[in-house]
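Engineer: How does the following fold in three dimensions:
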Amino acid sequence: MEFRAATIDDIPALVALVESAYRGESSRAGWTTEADFLDGQRTDPEEIATLIAAPRSVVLMAFRDGGLVACCHLSGVDGYFGMFAVVPGLQGGGVGRAVLAEAERRFRAWGLTEVRMKVVNRRAELIAWYERRGYTVTGEQTPFPYGDERFGKPLEDGLAFVTLIKSLDASAGQAMG
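Structural biologist: Below you'll find the predicted structure:
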């Protein structure tokens, strides 16, 4: 797999990837779908442009055989990991694990010692996947922003974001090169 930072020219492909992984019928081909409890958009060109332009921030793109297979956003300011998406038909095949490992390597290179993320509370299987990779649920929950359609249109009540953290072992980052 090859990785590179996204540019403004990549925005249409990134929006399409993220939307396909989380919303609508196409997302049901994978296991990260939120289509059962969220409708509407997952991201838009403006959000991705903001992330690309932010200081000490990268939207990381992953390619296999020249095709875009995954992306994520890394904030070197606060160690935040988000907007993680894998092509639905490739989910469960190790792509996500490889992208997460690369993201953690980049956080270590920035000198960060911890990664933080938020996951919708209805995603027990996704939270468990992160826990198997060393992430811990902090107990902190942030209410879902009902009424703000930039985050989607909720199809049910009770949605919230669960915060997960992982401590990064500096020696593991050095071993990975």
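Engineer: From residue 98, how far off is the residue nearest to residue 42 when sequence neighbours are not counted?
Structural biologist: In space, and not counting its chain neighbours, residue 42 is closest to residue 22: 4.3 Å by C-beta to C-beta, 6 or more residues apart in numbering. All C-beta atoms are positioned from the backbone trio N, CA, C, and that covers glycine. Counting by C-beta to C-beta, to the nearest Å, the gap from residue 22 to residue 98 is 20 Å.
Engineer: who has more neighbours, those two?
Structural biologist: residue 22 (24 against 17; other C-beta atoms under 10 Å).
Engineer: is it true that the more buried one touches residue 83?
Structural biologist: No - judged on C-beta atoms under 8 Å, residue 22 makes no contact with residue 83 at a distance of 9.8 Å.
Engineer: ok, residue 76 - contacts?
Structural biologist: 56-58, 106-107, 110, 112 (C-beta atoms under 8 Å, 6 or more residues apart in numbering).
Engineer: Please repeat the previous calculation with a cut-off of 6 Å.
Structural biologist: 56, 110 (C-beta atoms under 6 Å, 6 or more residues apart in numbering).
Engineer: So which residue is smack in the middle of this structure?
Structural biologist: The C-alpha lying nearest the average C-alpha coordinate of the chain belongs to residue 84 (C-alpha atoms, centre = their mean; 1.9 Å).
Engineer: does it really touch residue 73, like I thought?
Structural biologist: No - counting by C-beta atoms under 6 Å, residue 84 stays clear of residue 73, with 7.9 Å between them.
Engineer: Distance of residue 30 relative to residue 86?
Structural biologist: Counting by C-beta to C-beta, the gap from residue 30 to residue 86 is 7 Å.
Engineer: Pick out whichever of those two has more residues nearby.
Structural biologist: Under the neighbour definition other C-beta under 10 Å, residue 30 and residue 86 were set side by side, and residue 86 has more, 26 against 19.
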